[in-house]
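Enquirer: just coords:
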């Protein structure tokens, strides 16, 4: 299927979903998120409460373009990124007891002068494949497709059931040697139920299965007599060095998959007390996966396991002309990665057979995020606040250990962000104007790399290899002080019964400390769309 055909299918999906939803909403100053629901049910994997959303039909669709330019980037980010997108989502009530939700999106673009990781999202991977040559920059092309659907149904009085399915496909290609193409398939399937004990108290539970596959294919199309080296990065840019050929992690001309399976259970509490509403969701998950191919004629290089924990607590107050919310979040992801010990032997029929004789712990990773947000909006204009203020704070902790026994390297970093948003919108004739000014301060601290040994190494012990240039680049980016001002401007106007809008975004990440001072990253975006 060609790219243009895929885009055409998504545009058709947007148009079909939009036509369902265009029956009701014609407000030109319409806050989609606040008007749909003030609780966390909208973002939960449990879709069983979807039928209680306070609309019969509502949606939005948009096209957009983003560009990022920077001279102070971490090891796996591009100097220039250009991205375009199509997006649509809508709610449609089938009956008083049933509601549908649909979402479709496409995005794609180019990244210029990028070097570093062979994976798209290396931060959450149990290990990484990192280029050893920090000067070997190249361009990448990326396309992303997403379709999401959900249904919530009231079976009998008080009892709701729901299902949700989320499918994402991503294609990525690096266009200079050492080249690699990545094909990503991510699928989430959820089933949930809930019971409304009274109009003010609801409990829910759900199960989600997630499968993630990222296949990587390495090759060379240019100068074939040049040698390329990769670092099998167990953590904090330490590991083993590998010459690119047909045998290692980065196998020539072979699709090598990274596979991860997640089984998640979640529980929800929704409690309304007068004008106040409390929503709490807790989720636990076990995960496991591997890199390589199973089977006696293939090689499975690694296996990993771990767990996830998420919690979101939301406290909401809704008055006649005031809306306030206080939200707290916690996310934790823990991983252990084991490298399999293997050799290739000749089988009884003369064929090559892979034999495994053990595995070694080569990496541990723990990622934790804490965040809090306070929002207040007042002065209602057609389901949207005239004035709004948002204060948010976030802390990210990264605790990583790379091991090649008896050697190890540990890294423990903390990153902090404080942000303030101030928004005002007003009507000018048939036009609605919105301005949002925000400012953030980001910084970090911690141990970049602590190298050591568990026991005194023997004479035949292997040794860790390092890529300290990337280590220093990432550490400087994550821990340097920076000031991040930005502005959003939106104009909304009616076209017949539909509210159309055009929005511009600009943000400048200005570094103000150490060797990152006088550097910056600029982001520019433009959106055009409709609310209905």
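Expert: Perfect, I can see it now. Remember, it's a predicted structure, so these values are computed and weren't measured experimentally.
Enquirer: what about residue 139, how many neighbours?
Expert: The burial count assigned to residue 139 is 15, neighbours taken as other CB atoms under 10 Å. All C-beta atoms are positioned from the backbone trio N, CA, C, and that covers glycine.
Enquirer: name the element it belongs to?
Expert: Residue 139 belongs to strand 138-156 when elements are defined using DSSP states H and E.
Enquirer: how about that strand: buried residues?
Expert: Neighbour-count burial for strand 138-156, with 16 or more other CB atoms under 10 Å as criterion, is recorded at 138, 140, 142-154.
Enquirer: now do stretch 58-71
Expert: Neighbour-count burial for stretch 58-71 flags 58-64, 66, 68-70 (criterion: 16+ other CB under 10 Å).
Enquirer: List the ones among the residues you listed that fall in strands.
Expert: Using DSSP state E to define strands, the subset of the buried residues of stretch 58-71 located there is 58-64, 66, 68-70.
Enquirer: Neighbouring strands - and their directions - for the very next helix or strand once past the strand holding residue 139?
Expert: Sequence-wise, the next helix or strand beyond strand 138-156 is strand 159-174, with elements assigned using DSSP H and E. In its sheet, strand 159-174 lies beside strand 138-156 (antiparallel), strand 179-198 (antiparallel), with partners assigned from DSSP bridges.
Enquirer: what about the last one, distance to the chain center?
Expert: Translated: strand 179-198. For strand 179-198, the distance between its averaged C-alpha position and the chain's averaged C-alpha position is 13 Å (CA atoms, centre = their mean, to the nearest Å).
Enquirer: quick revisit: any idea which of the ones in strands among the buried residues of stretch 58-71 is closest to residue 229?
Expert: When those are compared for distance to residue 229, the smallest value, 26.9 Å, is given by residue 70; criterion: CB to CB.
Enquirer: Who does that closest one form a beta bridge with?
Expert: If you apply DSSP bridges, the partners that residue 70 bridges to are residue 521.
Enquirer: got JSON lines for the strands paired with strand 159-174, with mean pLDDT too?
Expert: JSON lines is the format used below for the strands paired with strand 159-174 (pLDDT from 0 to 100):
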{"stretch": "strand 138-156", "mean pLDDT": "95"}
{"stretch": "strand 179-198", "mean pLDDT": "96"}
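Enquirer: about what we covered before: so which pair among the buried residues of strand 138-156 is furthest apart in space?
Expert: 138 and 154 (53.7 Å).
Enquirer: hang on, the earlier thing: spatially, which two of the buried residues of stretch 58-71 are the most separated?
Expert: 58 and 70 (37.1 Å).
Enquirer: which regions of this structure sit below the pLDDT cut-off?
Expert: Confidence mapping of the chain against pLDDT under 70 gives the ranges 1-31, 34-39, 223-224, 347, 350, 381-383, 461.
Enquirer: Geometrically speaking, which residue is the centre of it?
Expert: Per CA atoms, centre = their mean, the C-alpha nearest to the average position across the chain is that of residue 121, at 8.4 Å.
Enquirer: Quick check: of the ones in strands among the buried residues of stretch 58-71, which lies closest to residue 324?
Expert: Closest approach to residue 324 among those (CB to CB): residue 58, at 22.7 Å.
Enquirer: For the closest one, which residues count as its bridge partners?
Expert: In this structure, residue 58 has the following beta-bridge partners (DSSP bridges): residue 91.
Enquirer: for the stretch 201-350 of the chain, what spans make up the helices?
Expert: All residues of the stretch 201-350 of the chain lie outside helices when identified by DSSP state H, counting those that start in this stretch.
Enquirer: again with the stretch 1-150 of the chain
Expert: In the stretch 1-150 of the chain, helices defined by DSSP H, counting those that start in this stretch lie at 3-21, 32-36, listed in chain order.
Enquirer: re earlier: mind putting the strands paired with strand 159-174 in TSV, distance to residue 377 included?
Expert: Supplementary listing: the strands paired with strand 159-174 in TSV, determined by distance: least, CB to CB, whole Å:
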stretch	distance to residue 377
strand 138-156	27
strand 179-198	27
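Enquirer: Identify whichever of those strands lies nearest to residue 81.
Expert: Where these are weighed against each other on CB to CB, the nearest is strand 138-156, at 9.1 Å.
Enquirer: from the chain's centre, how far out does the closest one sit?
Expert: Centre to centre, stretch against its chain (CA atoms, centre = their mean), the figure for strand 138-156 is 13 Å.
Enquirer: And for stretch 213-225?
Expert: Averaged over its C-alpha atoms, stretch 213-225 has a centre that lies 26 Å from its chain's centre (CA atoms, centre = their mean).
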